[in-house]
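[1] what follows is a predicted protein model with its sequence.
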Number of protein chains: 2
Amino acid sequence: MELWFTEKQTPGLGITCKVLQTLHREVTPYQEIAVLDTEQFGRMLVLDGMVQLTISDEFVYHEMLAHVPLHTHPNPRHVLIIGGGDGGTAREVLRHPQVERVSLVEIDRRVMDVSRHFLPEVAVSFDDPRMDVHFEDGVAYIVNKCGEYDVILIDSPEPIGQAERLFSMEFYEGISSALREDGIFAAQTESPFVNQELITRVNSDISSTFPITRLYLAPVPTYPSGSWSFTLGSKCYDPMLSLRDGGLAGVLRYYNTDVHRAAFQLPNFVRELLCEEVVL
Amino acid sequence: MELWFTEKQTPGLGITCKVLQTLHREVTPYQEIAVLDTEQFGRMLVLDGMVQLTISDEFVYHEMLAHVPLHTHPNPRHVLIIGGGDGGTAREVLRHPQVERVSLVEIDRRVMDVSRHFLPEVAVSFDDPRMDVHFEDGVAYIVNKCGEYDVILIDSPEPIGQAERLFSMEFYEGISSALREDGIFAAQTESPFVNQELITRVNSDISSTFPITRLYLAPVPTYPSGSWSFTLGSKCYDPMLSLRDGGLAGVLRYYNTDVHRAAFQLPNFVRELLCEEVVL
């Protein structure tokens, strides 16, 4: 018997993966959590039927979400992660010795528990003494926070249901207040091929809150279209100009300083989404 | 009734697309040709069950295969395309006014016929008087060709069956002989996520024939993993240094000179495939 897991990524497009074993399935008050062992990508974390990460390609997403803002900020000491209950983003943040504290706010404690058990190489960060984990709603958590964080990372699922509030103007304003005066935030902002309207709206909203707004790109094979975007909002440092040596040579599998700069060089059709002038 | 077309891209991974209509199916002496109208990507050309192009994302592949070498060469007059019977690569080549002649060698005439009928915006190039089309085997075609072309582009299917010879050392040596003394060639060289051994071998083979060998990357959502590689071999011009203004601003949807430079900035795991030193 062959077992295949298919995620309908859009009404007309799916990714389908051969499953060697279903390692875990449960329904929590927030979502359905599953861990599958796939032939192509190894273990896969699936939330509400949507691929959240796989062991084979999670390094690209987590490295690019964390290291682009963390190499832009000259001294990131206190970092807040909203979402990211699997621990992958925190793992990358903690590679920076300047980081003194990582606050992680995940709504569903079971995502952490399941990741620690089935995805230990991703969830490794939870054993670090610098971790400060809160199981609550990320939007509520940042209300009334003022000037506390150097960097805030939004490691959210798709903007569906509860997660939709993590892509709202009100939330970006809250993020801005919660950051120090030279703070930076970065968020995953979906696919430039299949979520074009979202990218245009989010970029416009973040631009109206942050003086420097930059979109950057990276490939993530198990996400819709295989291409992913991140949007960075910054109060003073420009990620295309400000870039420090993180001392992580030889440790990372995707990120390097050349890739950092290259990720901001956008194809014409993406520039158009941002209403930027297209030049050759 | 819902009809879905699934390509098993590897033994454990597939892409699945909702089909609005099957526009064409035929078996030629060389392969099965199909044209489907899909909900997500519009019309799709499928050869032997493998997605060859879709109307939605073909611009990335064709622009990057053609414009990177053509913007590197200072005066590309005679261009040879091996494969590419759909006409998309030729369409991009013909945008360069310096190009006087495009020789296209496609083994299966029916690919051109079907493309002209069902994919006219891709096959538009066949009406250009500079086109010189040959229906024969590409490997045989270049034997004994000597110093004829400024640029050669290999627009081949996957290295399976007959197409395997288009990824061989002997073929690269033939390409080198067929090029002028300052010639450049570029080939599609599969996915850096799922065809890693091929990329390492091809890069090594091309390096032993061409003084300058460079891998570059671009996203193609409908190809396995959504990320694609191209390898460029050059006798004298380095695509990372030599770059002319092609005067195509406002015409292209993916390529621009910033993207040209950025495409050569490789992630650490890809540098490792090329046995390059990994630095931060």
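    Nice, thanks for sending it over.

[2] for chain A, give me the ranges with low pLDDT.
    A:276-280 (pLDDT under 70).

[3] strands along that one, start to end?
    A:3-10, A:13-27, A:32-38, A:42-47, A:50-54, A:78-83, A:101-105, A:131-134, A:149-155, A:179-188, A:212-219, A:227-234 (DSSP state E).

[4] which residues are in contact with A:S168?
    A:D205 (Cβ atoms under 8 Å, 6 or more residues apart in numbering or on different chains). Just so you know, the C-beta spots here come from the backbone N, C-alpha and C atoms, and that holds for glycine as well.

[5] against chain B, how distant is it?
    Noted for A:S168: a distance of 27 Å to chain B, by Cβ to the nearest Cβ, to the nearest Å.

[6] who wins for proximity to B:S125 among the strands of chain A?
    strand A:227-234 (26.8 Å; Cβ to Cβ).

[7] quick one: strands adjacent to that closest one?
    strand A:179-188 (antiparallel), strand A:212-219 (antiparallel) (DSSP bridges).

[8] now the ones you listed in TSV, with mean neighbour count and distance to B:I152?
    What follows is those, written out as TSV (neighbours: other Cβ atoms under 10 Å in any protein chain shown; distance: least, Cβ to Cβ, whole Å):
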stretch	mean neighbour count	distance to B:I152
strand A:179-188	22	40
strand A:212-219	22	27
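
[9] if we can go back for a sec, and of the strands of chain A, who's closest to B:K145?
    Closest among the strands of chain A, once you apply Cβ to Cβ, is strand A:212-219, at 36.2 Å.

[10] returning to what we had before: determine which of the strands paired with strand A:227-234 approaches B:A186 most closely.
    Going by Cβ to Cβ, the one of the strands paired with strand A:227-234 nearest B:A186 is strand A:212-219, 19.8 Å.

[11] I would like the residues contacting that closest one, please.
    A:60-61, A:64, A:68, A:189, A:192, A:199, A:203, A:206-207, A:226-240, A:254, A:263-264, A:266, A:270, A:274, B:193, B:217, B:219, B:225-227.

[12] which among these count as buried?
    A:60-61, A:64, A:68, A:189, A:192, A:199, A:203, A:206-207, A:226-235, A:237, A:239-240, A:254, A:263-264, A:266, A:270, A:274, B:193, B:217, B:219, B:225-227 (16 or more other Cβ atoms under 10 Å in any protein chain shown).

[13] how about the residues of the stretch 1-150 of chain A near chain B?
    A:4, A:6, A:10-18, A:38-41, A:56-57, A:59-60 (Cβ under 8 Å from any Cβ of the partner chain).

[14] selection in PyMOL covering whichever of the residues you listed are buried, please.
    Of the residues of the stretch 1-150 of chain A next to chain B, the buried ones go into a single PyMOL selection, burial set by 16+ other Cβ under 10 Å:
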select buried, chain A and resi 4+10+12+13+14+15+16+17+18+38+40+41+56+57+59+60
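
[15] residues contacting the residue in chain A that chain B sits nearest to?
    Nearest to chain B in chain A, going by Cβ to the nearest Cβ, is A:G226, at a distance of 1.5 Å. A:G226 makes contact with A:P219, A:V220, B:P219, B:P221, B:S225, B:G226, B:S227, according to Cβ under 8 Å, 6+ apart.

[16] what do you get for A:T200?
    Applying Cβ under 8 Å, 6+ apart, the residues near A:T200 are A:L273, A:L274, A:C275.

[17] would you mind putting those into CSV with distance to chain B alongside?
    CSV is the format used below for those (distance: Cβ to the nearest Cβ, whole Å):
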residue, distance to chain B
A:L273, 12
A:L274, 14
A:C275, 15
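
[18] A:D205: neighbour count?
    20 (other Cβ atoms under 10 Å in any protein chain shown).

[19] cool, and A:L53?
    Neighbours of A:L53 (other Cβ under 10 Å): 24.

[20] who is the closest residue to it other than its chain neighbours paired with across the strands?
    Of all residues not flanking A:L53 in the chain, A:L45 sits nearest, at 5.1 Å (Cβ to Cβ, 6 or more residues apart in numbering or on different chains). Per DSSP bridges, the residues bridged to A:L45 are A:V35, A:L53.

[21] residues near A:L45, how many?
    26.

[22] quick one: it and B:R110, what's the gap?
    Separation of A:L45 from B:R110 (Cβ to Cβ, to the nearest Å): 45 Å.

[23] and what of A:D113?
    A:D113 is 57 Å from B:R110, by Cβ to Cβ.

[24] for A:G12, same thing?
    27 Å.

[25] also A:V202?
    45 Å.

[26] ok, A:Y30 next?
    53 Å.

[27] which helix in chain A runs the most residues?
    Secondary structure assigned by DSSP state H gives helix A:58-72 as the longest helix of chain A.

[28] that helix packs against which elements?
    helix A:88-93, strand A:149-155, strand A:179-188, strand A:212-219, strand A:227-234, helix A:257-262 (3 or more Cβ pairs under 8 Å, 6 or more residues apart in numbering or on different chains; DSSP states H and E).

[29] next, format those as CSV and append distance to A:H117.
    Output for these, formatted as CSV (distance: least, Cβ to Cβ, whole Å):
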stretch, distance to A:H117
helix A:88-93, 15
strand A:149-155, 20
strand A:179-188, 24
strand A:212-219, 28
strand A:227-234, 27
helix A:257-262, 32
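
[30] looking at the ones you listed, which is closest to B:A123?
    strand A:227-234 (26.3 Å).

[31] what angle do helix B:58-72 and the closest one make with each other?
    70 degrees (axes from the mean of the first three to the mean of the last three Cα atoms, to 10 degrees).
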